[in-house]
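Student: Sharing a sequence plus its predicted fold:
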Amino acid sequence: MLIVPVALGFAIVAVGGAVLLPMLRRLRLHQRAYEDAPQTHQVKSGTPTMGGVLFVLALVPVLIGHRSPFAWELFGVVAACAGVGAIDDLLGVLRGKNAGLRARTKFLATALIAVIFLRALAGSYDFYPREVLFHAGAFVVSAPYWAWLVLGILAITGTIHAVNLTDGLDGLATGTIVPPLLVLAGVGVQTLVPGATQAALLTVGAALAFLIYNRHPAKLMMGDTGSLALGALLAAVAILTGEMLLLLLIGGVFVAEALSVMLQVSYFKLTQGKRIFRMSPLHHHFELTGLPETAVTQRFWLASIVLAAVGALVVR
């Protein structure tokens with residue numbers, strides 16, 4: 001019954017959000033809009049943040065009852081990355097002007113967590129396709145352990161920070177993460193990786209419930225607590241199901257968001273101030289063309305659904 005973990009994740013976050021939201025308000029843990037964000041975002045200042053802790057809470061059932069292989073490792077990588085995000089969020093609130101952790105610090109911290117997670121997986125051949133980067137039916141792409149490890153670190157850190165960059169509009173990252181997780185849950189069923197499947201489905205339910213609070217106009221922001229946790233979860237499930245390379249396709253929206261920032265920064269430096277996009281990440285570019293925030297979000301959700309559907313056909 002695959003609907004059970006989805007419903008459970010939904011219930012945990014729906015109820016948890018109702019409890020957490022007033023707590024965050026009392027603690028005055030409020031989002032502050034970036035000064036260089038579009039002016040329409042200034043109204044978001046004062047919205048409670050750090051709601052992403054609910055995604056960690058939604059994964060607790062993975063640890064209860066019949067213990068799935070790598071359940072603790074999977075929960076650990078998500079919780080650890082959420083912890084890095086929580087420190088960043090708290091520092092941003094306390095210091096003001098979103099002066100949280102430096103980007104380099106977050107990158108190094110998440111890379112270290114990725115190494116620990118991947119090393120924890122390295123000792124077993126039994127429960128997941130170790131050193132497999134992609135498979136579709138009988139077609140398998142694998143790599144030596146050292147290459148698998150390097151690519152795994154890049155996949156985890158890259159996905160984490162791509163999801164973090166995508167979390168810039170109400171409901172954008174929350175809704176975009178659902179289609180790729182559904183694809184990976186289906187792969188997990190086929191490859192008999194119960195922990196990864198359960199975690200993916202719990203998070204699907206959690207994300208759908210989080211939209212109750214995070215859809216426009218958002219009452220609750222996930223903060224880096226949530227975006228780093230979701231990125232870690234997506235990458236970890238892809239690795240456990242042997243579909244690391246599939247992330248490039250089914251997570252194409254996140255890839256595009258990250259590439260837009262990389263291209264914008266590189267072009268700006270090379271041309272001494274010229275820009276490719278009106279603003280990066282990519283969702284801000286579309287906002288500045290005149291599209292309403294909700295229209296941008298819906299188009300990105302649709303793109304995620306299409307890319308996930310293509311990915312599902314590829315791995316059938």
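Tutor: Received, thanks. Residues are numbered from 1 along each chain as shown.

Student: secondary structure element for His135?
Tutor: Using DSSP states H and E, the element containing His135 is strand 132-136.

Student: what comes up buried for that strand?
Tutor: Buried residues in strand 132-136, counted by 16 or more other Cβ atoms under 10 Å: Val132, Leu133, Phe134, His135. The way it works is simple: take the backbone N, C-alpha and C, and place the C-beta from them, glycine included.

Student: Just give the nearest non-adjacent residue to the last one, would you?
Tutor: By that I understand His135. Excluding the flanking residues, the one nearest His135 by Cβ to Cβ, 6 or more residues apart in numbering is Gly242, at 5.4 Å.

Student: Kindly provide the distance from the one you found to Ala136.
Tutor: Distance of Gly242 to Ala136, given as Cβ to Cβ, to the nearest Å: 10 Å.

Student: Leu24 now?
Tutor: Spatial separation of Leu24 from Ala136 under the definition Cβ to Cβ is 43 Å.

Student: ditto for Phe10
Tutor: Distance, Phe10 to Ala136, using Cβ to Cβ: 30 Å.

Student: got it, and Val13?
Tutor: Distance of Val13 to Ala136, given as Cβ to Cβ: 33 Å.

Student: residues contacting the residue of the chain most remote from its centre?
Tutor: In the chain, Gln272 marks the outermost C-alpha relative to the chain mean, sitting 32.8 Å out by Cα atoms, centre = their mean. If you count contacts by Cβ atoms under 8 Å, 6 or more residues apart in numbering, Gln272 has none.

Student: quick one on the thing from earlier: you'd agree the residue nearest to His135 is in a strand?
Tutor: No - read with DSSP: H, G, I helix; E, B strand; the rest coil, Gly242 is coil and lies in no strand.

Student: Quick check: phi and psi at it.
Tutor: For Gly242, the backbone dihedrals (degrees, to the nearest 10) come out as phi 70, psi 30.

Student: Pull the number of nearby residues for it.
Tutor: Using other Cβ atoms under 10 Å, Gly242 has 25 neighbouring residues.

Student: Check the one 4 residues further on too.
Tutor: By other Cβ under 10 Å, 24 other residues sit near Leu246.
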